[in-house]
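Q: Okay, structure incoming, though there's no sequence with it:
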């Protein structure tokens, strides 16, 4: 079992930055692939970014490329989502997700993930 707790959300003006953190507990996450998803009001949950177990591979949805960086610290059991140049359309609840892996795979589909945090609200004002 992996428990995930997100933090770092808040209200920011367009063009601003936020750094979201996901703290994992319950087990060592060194063989766990991680991802960030978001859900805007009235919409489904969408993929934002993912990182493989070592941190050597990352993937982003097109709308955030160049503005968002996912990283991880396996020693600290944390995953971070650094977001810059935020836009009002980035407003959503952001969720951290995890899945145990055998190989160094990376996952972008919601259904691939086994563990989810409760989410942290990000609001970008225009």
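A: Nice, thanks for sending it over. Computed from a prediction, not measured in an experiment: that's the story for all the values here.
Q: so what's the residue nearest the centre of the chain up against?
A: Nearest to the mean C-alpha position of the chain, counting by CA atoms, centre = their mean, stands residue 36 at 2.3 Å. Going by CB atoms under 8 Å, 6 or more residues apart in numbering, residue 36 touches 20, 22, 48, 49, 50, 70, 79, 81, 94, 95, 96, 97. Yep, even glycine has a C-beta here, placed from its N, CA and C like the rest.
Q: Could you check how far it is from residue 14?
A: Computed as CB to CB, to the nearest Å, the residue 36 to residue 14 distance reads 20 Å.
Q: related to what we said a few turns ago, what's the helix or strand for the residue lying closest to the residue nearest to the centre of the chain once chain neighbours are set aside?
A: Leaving out its chain neighbours, the residue that sits closest to residue 36 by CB to CB, 6 or more residues apart in numbering is residue 48, at 4.4 Å. Residue 48 belongs to strand 45-51 when assigned by DSSP states H and E.
Q: doesn't residue 33 make contact with residue 107?
A: Yes. Using CB atoms under 8 Å, residue 107 is in contact with residue 33, at 5.5 Å.
Q: Look at the two and report which has more neighbours.
A: residue 33 (24 against 20; other CB atoms under 10 Å).
Q: do you know how far that one is from residue 2?
A: Separation of residue 33 from residue 2 (CB to CB) stands at 11 Å.
Q: next one: residue 27
A: Counting by CB to CB, the gap from residue 27 to residue 2 is 6 Å.
Q: quick one on the thing from earlier: in CSV, list the contacts of residue 36 along with secondary structure, pLDDT and distance to residue 63.
A: Below are these laid out as CSV (DSSP: H, G, I helix; E, B strand; the rest coil; pLDDT from 0 to 100; distance: CB to CB, whole Å):
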residue, secondary structure, pLDDT, distance to residue 63
20, strand, 98, 16
22, strand, 97, 20
48, strand, 98, 9
49, strand, 98, 11
50, strand, 97, 15
70, strand, 98, 14
79, strand, 96, 20
81, strand, 98, 14
94, strand, 98, 14
95, strand, 98, 16
96, strand, 98, 19
97, strand, 97, 18
